[in-house]
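Sequence plus predicted model, see below.
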Amino acid sequence: MKRRAAVNAGEIEAPPEQSGARRNVITGLEMWKPLIAAINGYCIGGGFALALACDIRIASENAEFSMPELKLGSPGSLGVPQRLAQQIPYVAAMEMLLTGDRVNAQQALQWGLVNRVVPQSQLMSASLEFAQRIVANPPMGVRTTKEAIVRSLDLPLEAGMELTTDIYRQNRGSADAMEAHRARVEKRKPIYKNR
């Protein structure tokens, strides 16, 4: 712990594996499968970075969110400044990042930082209910929908539309898409095979 504090204070140089684009708590979360965060209590620093890397966030009423690194003289890292400013209103992101103050669950909901706020006793069941709603859809469609959204975030509208049209065309003839249509016509639950 003393070594980390010395590195953070600039008293000693960080070892090579700790500088630059190193592996960290969110490395490897760049995937096309949806990620759901069930947030209870403090969601601060690295935990906050992990939550921001998720697609759906359910918070208990006692959840609090913060990136307090500013209070230690740092803008924060792990993609928090970039992700936060993309995911909630600019002024809200700036408030969180420039004060380092904690935000309660209700404020996080108002800003769109979380999808739902539920009583602590219902946190896991609410999170699982979201997961069940997602997995009720064709797996390939779920993956490629997330891919289309993420890949088109930084594209101009026309380029993003071309990308999603290409993905739509690829999915349209898939076995799961055809099964979804058949099941709808036959008024039955679809059986997907992830292809």
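Right, received. Where do you want to start?

Show residues contacting stretch 123-138.
Stretch 123-138 is contacted by residues 34, 36-40, 56, 58-60, 115-116, 118, 142, 174, 176-177, 179-180, 190, 192 when judged by C-beta atoms under 8 Å, 6 or more residues apart in numbering. C-betas here are computed from N, CA, C, even on glycine.

and the residues you listed, which of them are in strands?
36-39, 56, 58-60, 116, 118 (DSSP state E).

Work out which residue lies at the spatial centre of this structure.
Cys54 (2.1 Å; C-alpha atoms, centre = their mean).

What does the pLDDT read for it?
With respect to pLDDT, Cys54 scores 94.

Which secondary structure element of the chain has the lowest mean pLDDT?
Each helix and strand of the chain was given a mean pLDDT (mean pLDDT, DSSP states H and E); the minimum falls on helix 2-8 at a mean of 52.

circling back to that earlier point, thought the residue nearest to the centre of the chain was touching Ile36?
Yes. Using C-beta atoms under 8 Å, Cys54 is in contact with Ile36, at 6.2 Å.

Next, the contact list for Ala180, please.
138, 141, 190, 192.

For the second one, give me its contacts.
Residues touching Gly141, when contacts are defined by C-beta under 8 Å, 6+ apart, comprise 171, 174, 176-177, 180.

List the buried residues in the helix ranked longest in the chain.
Using DSSP state H, we find that the single longest helix of the chain is helix 157-172. Using 16 or more other C-beta atoms under 10 Å as the test for burial, helix 157-172 gives 160, 163-164, 167, 171.

what's around Glu186, how many residues?
9 (other C-beta atoms under 10 Å).

what does stretch 142-149 contact?
Counting by C-beta under 8 Å, 6+ apart, residues outside stretch 142-149 touching it are 32-34, 55, 134-135, 163-164, 167, 170-171.

and if we set it to 10 Å?
For stretch 142-149, the surrounding residues in contact (C-beta atoms under 10 Å, 6 or more residues apart in numbering) are 31-35, 55, 134-138, 151, 160, 163-168, 170-171, 174, 176, 192, 194.

And the protein, split by domain according to the record?
Domains of the chain are assigned by automatic domain parsing as 25-133, 137-186.

picking that back up, which one of the contacts of Ala180 has the most neighbours?
Result: Pro138 is most packed of the contacts of Ala180 (other C-beta under 10 Å), 23 neighbours.

for the nearest residue to that residue once chain neighbours are set aside, what are its contacts?
Distances taken as C-beta to C-beta, 6 or more residues apart in numbering place Asp176 nearest to Pro138, at 3.7 Å, with adjacent residues excluded. With contact set as C-beta under 10 Å, 6+ apart, Asp176 has these partners: 137-142, 190-195.

Pick out the most distant pair among these.
Val142 and Ile191 (15.6 Å; C-beta to C-beta).

Just the ones of the contacts of Gly141 in helices?
Those of those lying in helices (DSSP H): 171, 176-177, 180.

could I get those as TSV with pLDDT?
Shown next, in TSV, are those (pLDDT from 0 to 100):
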residue	pLDDT
Asn171	83
Asp176	87
Ala177	86
Ala180	87
